[in-house]
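Participant: Okay, predicted coordinates and the sequence, questions at the end:
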Amino acid sequence: MKLMQNLFAAKQADGLDPVRDALLAARAVETADIWHPVGTHAIGGLVAVGFDRTSEEMLIVAENGQSVVDCRSGTLRYRNEDADGYDAPPLKAARLDHPAAERFDMAGMDGGGLRAVTSDGWHVDRISLCWPETYCILQPPDASIHALAQVQRGMGTTFYLMAKEADDIRAFGFSWTGESLVLATASELRIWTRATLKLTNPS
């Protein structure tokens, strides 16, 4: 009995309960502070995604080829249903409409990851309380959901639940510029952009 009590006390002391309770009480949002939704795309068999390093264009590799989407507007820029240009071991992919351009770093079912923190401090986290459900959260600068479990001086506890997913998550994170946020699962792609970003379509 004493051992069981010690184990229970350790579980309470590990500080996870406030985080769990906050996540269970949270509801998913479409808009989070300066982040606004751009669109949701159904993409069956999504394998990996990657961003251009100087723009908001994203390369998407799926079982039926590749696509390029402008995350500022959600506009489809390119589609190839015959090839995907994906090289899994190094997690690289070539944009097939610009084959001579620098290859994209990819994140998805084979590994890798998108940028988790922007230059001004916005950051994402994925927390699993009960498999297969995963909570995908966005947190502003100087805030962390984990501060609920352990008081940290000067650290807020604001967070936004962007999604609660049971589907296989391929990637969740920011573009290289930090102006776009995406959540990619095995069957769907969701895109957000900062409200400060001008939604223009370059010619």
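Facilitator: Thanks, I have the structure now. Numbering: from 1, shown residues only.
Participant: show me where pLDDT drops low in this protein?
Facilitator: 1-16, 151-154, 195-203 (pLDDT under 70).
Participant: What helix or strand is the residue nearest the centre of it located in?
Facilitator: The centroid of the chain falls nearest to Phe172 when counting by Cα atoms, centre = their mean (1.6 Å). In this assignment (DSSP states H and E), Phe172 forms part of strand 169-174.
Participant: Same check on Thr134?
Facilitator: For Thr134, the host element (DSSP H and E) is strand 133-139.
Participant: The residue nearest to the centre of the chain and Arg126 touch, don't they?
Facilitator: Yes - Phe172 lies in contact with Arg126 (Cβ atoms under 8 Å); the separation is 5.9 Å. Bear in mind the C-beta positions are built from the backbone N, C-alpha and C, glycine included.
Participant: so what sits against both of these two?
Facilitator: Counting by Cβ atoms under 8 Å, 6 or more residues apart in numbering, the shared contacts of Phe172 and Arg126 are Cys136.
Participant: on that earlier part again, check which helices and strands the strand holding Phe172 sits against.
Facilitator: Strand 169-174 sits against strand 46-51, strand 107-108, strand 123-130, strand 133-139, strand 180-185, with contacts defined as 3 or more Cβ pairs under 8 Å, 6 or more residues apart in numbering; DSSP states H and E.
Participant: Could you list the residues in contact with that strand?
Facilitator: Against strand 169-174 from outside (Cβ under 8 Å, 6+ apart): 46-49, 107-109, 112-118, 122, 124, 126, 134, 136, 180-186.
Participant: Can I get that strand in CSV? Just the C-alpha atoms.
Facilitator: Coordinates of each C-alpha in strand 169-174 appear next as CSV, following Å, rounded to 0.1, in the frame of the first residue of the first chain:
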residue,chain,number,x,y,z
ILE,A,169,0.3,13.9,-38.2
ARG,A,170,2.9,14.4,-40.9
ALA,A,171,4.1,17.9,-39.8
PHE,A,172,3.2,20.9,-37.7
GLY,A,173,5.1,24.1,-37.8
PHE,A,174,6.1,27.3,-39.5
